[in-house]
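*Asks:* Predicted model and sequence below, questions to follow.
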Amino acid sequence: MDLAFTPEEQKFADEVRAFVRANLPADVRDKVKNGKHLIRDDYMRWQQALGKKGWLVYTWPKKHGGPGFTPAQRYIFENICAEEYAPGIIPFGTKMVGPVIYTFGTEAQKEKYLPAIRESTVWWCQGYSEPGSGSDLASLRTKAEKDGDHYIVNGSKTWNTMGHWADWIFCLVRTDSKAKPQEGISFLLIDMKTPGITVKPIIMADGGHEVNEVFFDNVKVPVENLVGKENEGWTCAKFLLANERLGIAAVPQSKRGVEALKDIARAEQDDGKPLIENQSFAEKIADLEIQVTALEFTELRVLSQMAHGGQPGPEVSGLKIRGSEIQQRITELTMEAVGEYAAPYLPGLLWQGTNEAPVGPEYAHLAAPRYFNTRKTTIYGGSNEIQKGIISKMVLGL
Amino acid sequence: MDLSLSDEQKQLQEAAERFVRDKYAFDARRKIAATERGWLPENWAQFAELGWLGMAFSEEDGGYGGGPIETMIVMEQFGKGLVLEPFLPTVVLGGGMIARAGSAAQKEALLAPMIEGKKQFAFAWLERQSRYNLADVSLKATKEGTGWSLSGHKGVVYNAASADEIIVLARTGGSAREPKGLTLFVVDAKAKGLSRRDYPTQDALRASELTFDKVSVGADAVLGKVDEAFPVVEEAVDRAIVALCAEATGCMDAINAGTLEYIKTRKQFGVPIGKFQVLQHRMVDCFTNAQEARSMTLMASLKIDDKDPTVRAKAASGAKVQIGKSGKFCGQSAVQMHGGMGVTDEMAVSHYFKRLTMIDLMFGNQQHHLTRYSNLAMAA
C-alpha cells in the first residue's frame, strides 16, 4: 500500500500538466478561475484539444478508442485538470451515451457516433425526465410509435441540460404502453435538427439559462437510431446511471472550492481581523475539508478495487450523496463568508467581457447565484432520497 | 499509488478475523470481561505467537518490519470483536514510545520482551485537570542523587493493573501547560510509593488512578531526553489515535451489520421495520458514515509516517473528527433502531455503542480535534 506516485505515474502527471498548460485556452481558464459562465465554444475548444490528444474520453477502454487509463491515471488526470482550471468535460456524450453505444449499440452505430464523441465534434444532451416523471422516471410517457422504418415521437422532456447547444439528444421513450412501466421503454438517438423539435428555456433561480424543456411533435426518427432492443431501454438507462455515479462526486472541483473559500475567508474582514481567524468560521471550513478528504479516499478505495479487477463495491453508491452535499456546503459557506455583499444582483457580471462595474469584490456577487444554483446537485442524477432508496434496496437488501 | 493490501496483509487480516470469530463471540467476551484481569493471558500469548506484538516495529528493533497498515488491519478486527486485550496501551503506545525514544539498553530490556509477550505497559499522562491538553502535566519529577523522585497523581490509566512498567509523563521543568520541560519515565509497576485504585471502565476495559508518593527511579528510567518528551508523546498519541480509529471502524461495521439484521427481522405493523423508508434512509446514512470512517482511517494510516509533523497531526485529527462524528451517528442510530432492546445489556449493540462513545473521548473528542485540525489547516 502506497500513497505516493510511482515514477511512471509522476511522469504521466507532468505530461498532463504540460498538456493542459499548453492547450487550455487562456480566456477559458480565466473564466473558470473567476467563476464566469462558459459558452458552447469555450467547452468545444477545450474538448477538441483533448480529443486530438485522445484524452477526452479518458474513462473509455482502449478497444473503443479511449486511452485505457489506469485508475491512478484517471485520478491524476481529473485532479490536474481541476487544479489548472480546465472546464469540466460535458458528460452527456463522453460519460453517458458513448458507453451506452459501445456496450449496447450495433457496429454501424459505433462507427457513426463514437468518433464524433471522442473528438467532440457533436454536442449531446439528455432526454430523461418529463414534467410528470421526475424521481419516478419509469413512469415516462413520451411515446415512440413505429411507422414503417421510422418511429414517430410525441411528448416532452424537461430538465434538459444545455440542449439549446446540442446537436443530438438521447431519449428514453415509451414503445409499449401496455407492459409494466420499466418494460415498455426504449433508448433512442434523435437529431436535434429533426422537424417537430422545439427547445424552450427554463430560467433558474440564479437568473441563468442552462436547462430546457424539449417538445416532440410528430418527430420522425429512423429505426436504426434505436440502441439495444426495443422495450429494453431500461437496461441502458440503468447502465448509464451506474456509470455516471463514479466521477459525479466532483472531488477535484470540491478540493479547488475549499481552497477558494479559504482565500475568500482570508480576504474578508470580521471584527477587524481576517475572517479566517474567526475560530467558529475556521472550524466550519475545517469540517468541510475533512468531509472532502473522506470523500476523496472513498473514491480512491473504489479506484483501487477497480485497478485490481474488482467491481466498484457498495461504497460507490454513497459518493453521489456525499459529493453533492459537499458541493452545496462549499457554496453555503462562501455566501456566509461574503455576508451582505452577496445581495447585489449583477447578472451581467456572470459573463466575461461585460462593462458592468462590480459592487464589492468580484467573488462576492457570484456567491449567492452559486448557492442558489448548486441546490440542484442533490436533486439531479436521481435525487439523494432516490439514491438512498437505491442503496437501501440494492446494497442493504431492505 | 496503490491502496490494496499485499498478500501478507491479506493473510494478517484473515488471521485476525479468525481470532475474533473463534475467541470473541459475544458470550465469550462477557466471560473474559468478568475475569480478574479483564483479558486472557492465553490470547496474549497467541498474539505473540502470531507475531502481532512485533509486526509494526522495525527489524532493528526486533520487530517484523510492518507499520501502521498492519496495526490498522488488526485493530479493525479487534473493533469488530470488542477485543479486551491491552494491545493499544502496551504495543501502540508503550512499544511505540520505546521504539521512538528508547536507548539500545531500554529496547533490549523492554521492547524485546514485549514483542515476545512477556511484558505489558501502561501510559500515564492524564491528570484530573488535563482534559485533552497533553502538556497539562503537573506530576513532578525532581532530581534525587543520580536519579529522580516522582510525586503526584495520574488518572484513567488504562492497563495499569496488568502492566509490568508504567510509562509516566512528568514535569521536570517549565511552567504549567508548557510543552517544554516534560520527561517520560519508565517506572516499575510495583515501585515503592506507587499506589493504585483499580476500576473497570464503561466499555469493560480496566483502568486505574495512580498516586506517586516520592517514587524513586534511577537515571536510566528516563525514556528519551529530559525536558524534551512532548514531541515524542504527541507523535505516540497521534499514532494511538489512528489505531483507535481503525478499532472504531470495526465497531461501526459490526454495529451496522447487527442493526441491519435486526430491522430485517423485527416486525411491527405486520412488516419488518426495515420496510419503512424512514429507517431505510437512516440505515443508509449509517452505512455511508462507516464508509467515511474507513476512508479517513486509511488516509491517516498512510500519512502517519510522514516526516512533516503537521501532515501527521492533521491526518490523525482529521480521522478522529470523522470517527467521533460517524461513531456517534452509527451508535445512536443503532440503539434507536433497536428500540428498547438497544438500551439493554443483553444485546451486543449497547456494548458497541459504549465502546464507540469512549473512543470519541480518548485523546481528545471530535470538537477538540476539529479545533486542532482547523488551527493546522488555516495556518497554511
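*Replies:* Looks like it came in fine.

*Asks:* Can you report how many residues lie near the residue nearest to B:Gly327 when sequence neighbours are not counted?
*Replies:* Nearest in space to B:Gly327, with sequence neighbours left out and distances taken as CB to CB, 6 or more residues apart in numbering or on different chains, is B:Leu356 at 3.9 Å. Bear in mind the C-beta positions are built from the backbone N, C-alpha and C, glycine included. Taking other CB atoms under 10 Å in any protein chain shown as the criterion, the count of residues near B:Leu356 is 26.

*Asks:* So what's the gap between the helix or strand containing A:Glu289 and the chain middle?
*Replies:* A:Glu289 is part of helix A:279-307, with elements assigned from DSSP states H and E. The chain centroid and the centroid of helix A:279-307 are separated by 20 Å under CA atoms, centre = their mean, to the nearest Å.

*Asks:* Now do that helix: which elements does it pack against?
*Replies:* Counting contacts by 3 or more CB pairs under 8 Å, 6 or more residues apart in numbering or on different chains; DSSP states H and E, the secondary-structure elements packed against helix A:279-307 are helix A:71-83, helix A:251-267, helix A:315-338, helix B:277-303, helix B:309-338, helix B:366-379.

*Asks:* Of these, which is nearest B:His153?
*Replies:* Go through these one by one with CB to CB and the one that ends up closest to B:His153 is helix B:366-379, at 22.1 Å.

*Asks:* Taking helix A:279-307 as reference, get the angle to that closest one.
*Replies:* On the basis of axes from the mean of the first three to the mean of the last three CA atoms, to 10 degrees, helix B:366-379 is oriented at 90 degrees to helix A:279-307.

*Asks:* quick one: which of the helices and strands packed on helix A:279-307 is nearest A:Met204?
*Replies:* Once CB to CB is applied to these, the stretch that comes out nearest is helix A:315-338, at 13.9 Å.

*Asks:* which residue packs closest to the most centrally placed residue in chain A, ignoring adjacent ones?
*Replies:* When CA atoms, centre = their mean is applied to chain A, the residue found nearest the centroid is A:Pro91 (5.3 Å). Once its chain neighbours are removed from consideration, A:Pro91 has its nearest residue in A:Glu244; the separation is 7.0 Å (CB to CB, 6+ apart).

*Asks:* Next: B:Gln332.
*Replies:* Skipping the residues right next to it in sequence, B:Gln332 comes nearest to B:Phe353 by CB to CB, 6+ apart, at 7.5 Å.

*Asks:* what's in contact with the helix or strand the one you found falls within?
*Replies:* The secondary structure element spanning B:Phe353 is helix B:348-361 (assigned by DSSP H and E). The set of residues external to helix B:348-361 that reach it, using CB atoms under 8 Å, 6 or more residues apart in numbering or on different chains, is B:26, B:29, B:79, B:82, B:201-205, B:244, B:247-248, B:251-252, B:254-255, B:258-259, B:262, B:323-324, B:327-328, B:330-332, B:334-335, B:338, B:341-344, B:366.

*Asks:* what about it, average pLDDT?
*Replies:* Mean pLDDT, helix B:348-361: 98.

*Asks:* same deal with stretch A:129-140?
*Replies:* Taken as a whole, stretch A:129-140 has an average pLDDT of 94.

*Asks:* Just the buried residues of the helix holding A:Glu289, please?
*Replies:* Neighbour counts over helix A:279-307 (16 or more other CB atoms under 10 Å in any protein chain shown) mark A:281-307 as buried.
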